[in-house]
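A.B. asks: Coordinates only, no sequence provided:
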Ligand code: PEP
């Protein structure tokens, strides 16, 4: 399966800077088709990103999705709406959603299920905090978070994309070492293998200060199937370098 390099733009950009970023990515892509590429702009820019990328092999995703289909849920965006404007993925359960919006393991599982039910591939984020790592709880936390998702999506486990994102590595410049990341990815792979006959279909991305300098080593690990990139996805040259690193 091809690796997937996904950019999480978080709450950054505007119409002009997005157009520039997307044009730069498109201009640099020829010859880099050995991996899949995804960009996740803020929801108000998803439709214009789809338009800007028409005819290109770059997918567009949301950064979150509602568990609801439609109705009186002010501020929410449904999977149907994302799909309607041409998105094909949604990040689900990012640690910033868990931390600032109180998203629980159960809610993240429901969101993943809602996305799948409406034709959107969820990129489900799991990962431990620094305190949990220091307490030796990394595997237990990741397994618990993943178990809630597996429980919610039932037989659709093989349709998920997962992202292991140690919270202490996100936006901090402190990347997990390739060995640290691989060790957790192997735990995740084993849990997936127990839940589906097709564990090889599930891409497990690494996220947390992945950048142009460290991507090659991280992406060389046997169970790292791509990257979820925050800060470095906002810089054309860095994002393209990471995409290049995923060609191997
Ligand atoms: C992220 O937000 O998913 C992320 C990995 O951010 P950064 O690359 O900036 O650490």
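C.D. replies: All right, it came through fine. Computed from a predicted structure; not experimentally measured.

A.B. asks: Which residues of this structure lie near the ligand?
C.D. replies: 8, 165, 170-171, 207-210, 228-232 (CB under 6 Å from any ligand atom). C-beta here means a position set from N, CA and C on the backbone, and glycine is covered the same way.

A.B. asks: Contacts only, for the residue in the chain that the ligand sits nearest to.
C.D. replies: Proximity to the ligand, evaluated over the chain using CB to the nearest ligand atom, is greatest for residue 230 at 2.1 Å. For residue 230, the contacting residues are 7-8, 10, 170-171, 207, by CB atoms under 8 Å, 6 or more residues apart in numbering.

A.B. asks: Give me the subset of these lying in strands.
C.D. replies: 7-8, 207 (DSSP state E).

A.B. asks: Now do the domain split for this protein, please.
C.D. replies: Structural domains assigned to the chain are 1-63, 70-166+183-194, following automatic domain parsing.

A.B. asks: Out of the ones you listed, flag the one nearest residue 244.
C.D. replies: Across these, residue 244 has its closest neighbour in domain 1-63 (6.1 Å, CB to CB).

A.B. asks: What is the end-to-end distance of that closest one?
C.D. replies: Using CA to CA, to the nearest Å, the end-to-end distance of domain 1-63 comes to 23 Å.

A.B. asks: Please work out the average pLDDT along it.
C.D. replies: The average pLDDT within domain 1-63 is 97.

A.B. asks: Identify the residues contacting the nearest residue to residue 120 once chain neighbours are set aside.
C.D. replies: Once flanking residues are discounted, residue 120 sits nearest to residue 79: 4.4 Å by CB to CB, 6 or more residues apart in numbering. Counting by CB under 8 Å, 6+ apart, residue 79 touches 65-66, 69, 90, 114-115, 117-120.

A.B. asks: What separation do you get for residue 79 and residue 130?
C.D. replies: Using CB to CB, to the nearest Å, residue 79 is found at 32 Å from residue 130.

A.B. asks: so who does residue 210 touch?
C.D. replies: Contact analysis of residue 210 by CB under 8 Å, 6+ apart lists 175, 218, 227-229, 232, 242.

A.B. asks: Tabulate these in CSV, adding columns for secondary structure and neighbour count.
C.D. replies: Formatted as CSV, these follow (DSSP: H, G, I helix; E, B strand; the rest coil; neighbours: other CB atoms under 10 Å):
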residue, secondary structure, neighbour count
175, coil, 21
218, helix, 26
227, strand, 29
228, strand, 27
229, strand, 30
232, helix, 20
242, helix, 28
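
A.B. asks: residue boundaries of the strands in this structure?
C.D. replies: Counting by DSSP E, the strands of the chain are 3-8, 35-40, 58-62, 89-92, 121-126, 161-164, 203-207, 226-229.

A.B. asks: who touches the fifth one?
C.D. replies: Put plainly, it is strand 121-126. 6, 38, 40, 61, 65, 88-95, 108, 111-112, 115-116, 141-142, 145-146, 149, 159-165, 188, 205, 207, 228.

A.B. asks: for the third one, same thing?
C.D. replies: The set of residues external to strand 58-62 that reach it, using CB under 8 Å, 6+ apart, is 6, 22, 25-26, 29, 36-41, 43, 46, 49-50, 53, 77, 82, 86-91, 120-121, 123.

A.B. asks: buried subset of these?
C.D. replies: 6, 22, 25-26, 36-41, 43, 46, 49-50, 53, 77, 82, 87, 89-91, 120-121, 123 (16 or more other CB atoms under 10 Å).

A.B. asks: what residue lies at the spatial centre of the chain?
C.D. replies: Centroid-nearest residue in the chain: residue 123, 4.3 Å away (criterion: CA atoms, centre = their mean).

A.B. asks: Noted, bye for now.
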